[in-house]
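Asks: Could you look at this predicted model? Sequence included:
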Amino acid sequence: MRCGEDALEDCVIKHLAPAYGLRRSKDDPQQWAQGRCPVCLGSHCLTLAIKGRRIELNCHRQPGCDQDTLRAKVAARFRLCIALARPKRQPDIRADAEELALDGTLSASTLRLRLLMLTSGLSAREAADKLGYSRSTYYAATANLGRGKR
């Protein structure tokens, strides 16, 4: 966390929940509800959920507030706690990983490199550095990747 808290949950507990009057859900400890929406000022309509490494905000008033406007309003007040831009959705890599695993033409070093690139979003060079590949192993492994995938 950039705000100095170790976890998103701590950030929500110390900053966002008190500011918007959010109450923690008894069923799911990663959700808060019944807060005051900073956009429409509706009471008991703001919800917050921690999903992985991101915070989701929703206004449940009819009609609900625009997601971008809501996120911008909260980000303006808590710049260090919440990013203005929505996090990028992670692509479903299972099919790609299965396809790679079934490809018998790839060397073990190429397969490891490609899987690390898929799962972490690293470039070929960054993934090779993380795997500790030498320059010659890096070139041999990336020779099979094809143009545009390095």
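Replies: Perfect, I can see it now. Remember, it's a predicted structure, so these values are computed and weren't measured experimentally. Numbering: from 1, shown residues only.
Asks: so R71 is in which element?
Replies: R71 belongs to helix 67-77 when assigned by DSSP states H and E.
Asks: What helices and strands are in contact with that helix?
Replies: Counting contacts by 3 or more Cβ pairs under 8 Å, 6 or more residues apart in numbering; DSSP states H and E, helix 67-77 is packed against strand 54-59. C-beta here means a position set from N, CA and C on the backbone, and glycine is covered the same way.
Asks: In the sheet, which strands lie alongside the strand it packs on, parallel or antiparallel?
Replies: Its sheet considered, strand 54-59 pairs with strand 46-51 (antiparallel) by DSSP bridges.
Asks: Helix 67-77 and the strand it pairs with, what's the angle between them?
Replies: 90 degrees (axes from the mean of the first three to the mean of the last three Cα atoms, to 10 degrees).
Asks: what about the nearest residue to H60 once chain neighbours are set aside, distance to G121?
Replies: Of all residues not flanking H60 in the chain, C45 sits nearest, at 4.8 Å (Cβ to Cβ, 6 or more residues apart in numbering). Separation of C45 from G121 (Cβ to Cβ, to the nearest Å) stands at 35 Å.
Asks: tell me, how many neighbours does the nearest residue in space to Y20 that is not next to it in sequence end up with?
Replies: Leaving out its chain neighbours, the residue that sits closest to Y20 by Cβ to Cβ, 6+ apart is G35, at 3.9 Å. Residues lying near G35 (other Cβ atoms under 10 Å) number 22.
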